[in-house]
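Q: pasting the sequence and the predicted model now:
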Amino acid sequence: MRRSGPPGPAGDRHWRGSARFALTCALVFCTLSLLVDWDAGSLSPPRALLWVALSAALCAVLLPQRVSAGPGRLAVRTPWRRHLVHTDALVCVRQYDGVSSHLVLRDVHGHRLELDPRVLVANPLLWHELDTGVRRSLERGTLRRGAEVLHRLGHRIDDETARAVLRASGLS
């Protein structure tokens, strides 16, 4: 019989596929650029190193943020840095719309995190952890600005989930 311990952190279930896509694009770019340069007769070790470096930069740019959440925290890991906020001690939540919509979360400890809201829409477990922490922040009175932003996002996530259930059941 298995022992049940504390649940592991919730994570972005689509991250592996997106990371695989970024790596594939970088490898295809590297291969094609090396082949074209070799065919032109101008491939040399410095040029090969340049193509490999450009491919690595492309991979780093395309690699998505890795989002994880646990009780009272939300973390975003980039290739260079890890950002963490305490969701049960949030002070402010803002949403910036435009070409690249993103949420900005700040906690009482001065930590700041930027997050694409589509990650929350696609991952209900991440949303649940964030929503639970936001409710604690509201109970404690630390969340002064931005509760309406998360309320709207919650409605959007609920609508998307209901549509997915209806599609899966064949009712829509």
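A: Perfect, I can see it now. Everything numeric in this text was worked out from a predicted model, so none of it was measured.

Q: how is this protein partitioned into domains?
A: In terms of domains, the chain is parsed into 12-62, 66-169 (source: automatic domain parsing).

Q: give me the residues contacting the helix or strand hosting Leu113.
A: Element membership for Leu113, per DSSP states H and E: strand 112-115. For strand 112-115, contacts defined as Cβ atoms under 8 Å, 6 or more residues apart in numbering pick out 65, 67, 74-76, 83-85, 102-106. Every residue, glycine included, has its C-beta placed from N, CA and C.

Q: save those as CSV, and put in secondary structure too.
A: As requested, those are exported to CSV (DSSP: H, G, I helix; E, B strand; the rest coil):
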residue, secondary structure
Gln65, coil
Val67, strand
Leu74, strand
Ala75, strand
Val76, strand
His83, strand
Leu84, strand
Val85, strand
His102, strand
Leu103, strand
Val104, strand
Leu105, strand
Arg106, strand
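
Q: against Ala164, how distant is the residue lying farthest from the centre of the chain?
A: The centre of the chain is farthest from one residue, Gly41, which by Cα atoms, centre = their mean lies 42.1 Å away. Using Cβ to Cβ, to the nearest Å, Gly41 is found at 54 Å from Ala164.

Q: packing partners for the helix or strand of the chain with the lowest mean pLDDT?
A: Lowest on mean pLDDT, DSSP states H and E among the helices and strands of the chain sits strand 10-11, with a mean of 74. Packing contacts for strand 10-11, counted by 3 or more Cβ pairs under 8 Å, 6 or more residues apart in numbering; DSSP states H and E, involve strand 66-70, helix 124-140.

Q: most neighbours per residue, which of the ones you listed?
A: Highest mean neighbour count of the helices and strands packed on strand 10-11: strand 66-70, a mean of 21 (counted as mean count of other Cβ atoms under 10 Å).

Q: partner strands of that one, with direction?
A: strand 10-11 (antiparallel), strand 73-77 (antiparallel) (DSSP bridges).

Q: next one: the shortest one to chain centre, how far?
A: In terms of Cα atoms, centre = their mean, to the nearest Å, the centre of strand 10-11 is found 10 Å from the chain centre.

Q: what's in contact with it?
A: Arg66, Val67, Ser68, Ala69, Gly70, Asn123, Leu125, Leu126, His128, Glu129.

Q: adding distance to Ala48 and pLDDT, write the residues you listed out as JSON lines.
A: Shown next, in JSON lines, are the contacts of strand 10-11 (distance: Cβ to Cβ, whole Å; pLDDT from 0 to 100):
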{"residue": "Arg66", "distance to Ala48": "30", "pLDDT": "88"}
{"residue": "Val67", "distance to Ala48": "35", "pLDDT": "90"}
{"residue": "Ser68", "distance to Ala48": "37", "pLDDT": "90"}
{"residue": "Ala69", "distance to Ala48": "42", "pLDDT": "89"}
{"residue": "Gly70", "distance to Ala48": "43", "pLDDT": "87"}
{"residue": "Asn123", "distance to Ala48": "40", "pLDDT": "85"}
{"residue": "Leu125", "distance to Ala48": "44", "pLDDT": "85"}
{"residue": "Leu126", "distance to Ala48": "41", "pLDDT": "88"}
{"residue": "His128", "distance to Ala48": "48", "pLDDT": "88"}
{"residue": "Glu129", "distance to Ala48": "45", "pLDDT": "89"}
